[in-house]
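Engineer: test case, fold it:
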Amino acid sequence: MPTKKDDTKAKKKEKVEIATPGGKYNYAHGKRKTSIATARLYKGKGVITVNNKPISEYVSVKSLIGVIKSPLKQLGVADKYDITLRVQGGGISSQAEAMRHAIAKGLLDIDPLNKPSLKSAGMLTRDSRTKERKKFGLKRARKAPQFSKR
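Structural biologist: Here you go, the predicted model:
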């Protein structure tokens, strides 16, 4: 008779091996808040993998997938490059914007003539807004303790 532990082991998903593209690639990295993304752009059919998972499996929000693919759509090359992304740190929205930044910089590395259209869309500018540090004597970055006159 199988035990409860055996049942849970059987229910676990098997890891799906993603074939990483080979050959020459262009490399770039992007950042947003505490997220850091590195992108490798290969000539291919438009397959995007994030941390060795398909993009739809890693990012569940469809609007964020649109954010990630926006540099490709801006230049009309969505089906010309296979992209492998490595991302760490931050939340899902921050990671998506870091991936967008990395892809845009990679596309700029491939063809410098792409710069005006990517720059006008604001995809090459690193968004430098980060969390402000806590100051001493305060409760948070700017919140002061309650003041009592008497």
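Engineer: in this protein, which residue is closest to the centre?
Structural biologist: Most central in the chain under Cα atoms, centre = their mean is Met99, positioned 3.1 Å from the mean C-alpha point.
Engineer: is that one in a helix, a strand, or coil?
Structural biologist: Secondary structure, DSSP: H, G, I helix; E, B strand; the rest coil: Met99 is helix.
Engineer: model confidence score at it, please.
Structural biologist: Here, the pLDDT recorded for Met99 equals 97.
Engineer: contact partners for it?
Structural biologist: Neighbour list for Met99: Gly30, Ala37, Ala39, Val50, Ile68, Leu85, Val87 [criterion: Cβ atoms under 8 Å, 6 or more residues apart in numbering]. Using the backbone N, CA and C atoms, a C-beta is placed for each residue, glycine as well.
Engineer: biggest separation within the residues you listed, which pair?
Structural biologist: Gly30 and Val50 (12.9 Å; Cβ to Cβ).
Engineer: counting neighbours, go ahead and name the busier of the two.
Structural biologist: With neighbours defined as other Cβ atoms under 10 Å, Gly30 and Val50 compare such that Gly30 has more, 26 against 23.
Engineer: pairing partners for the helix or strand containing Gly30, with directions?
Structural biologist: Per DSSP states H and E: Gly30 is located in strand 26-32. Using DSSP bridges, strand 26-32 pairs in its sheet with strand 35-43 (antiparallel).
Engineer: the strand it pairs with: what's the following helix or strand?
Structural biologist: Counting by DSSP H and E, the element after strand 35-43 in chain order, helix or strand, is strand 48-50.
Engineer: can you list contacts of that next one?
Structural biologist: With contacts defined as Cβ under 8 Å, 6+ apart, strand 48-50 is touched by 18, 20, 54-55, 58-59, 68-69, 82-87, 99.
Engineer: then stretch 60-79?
Structural biologist: Stretch 60-79 is contacted by residues 45-46, 48, 55-56, 59, 81, 92-93, 96-97, 99-100, 103-104, 107, 114, 117-118, 121, 123 when judged by Cβ under 8 Å, 6+ apart.
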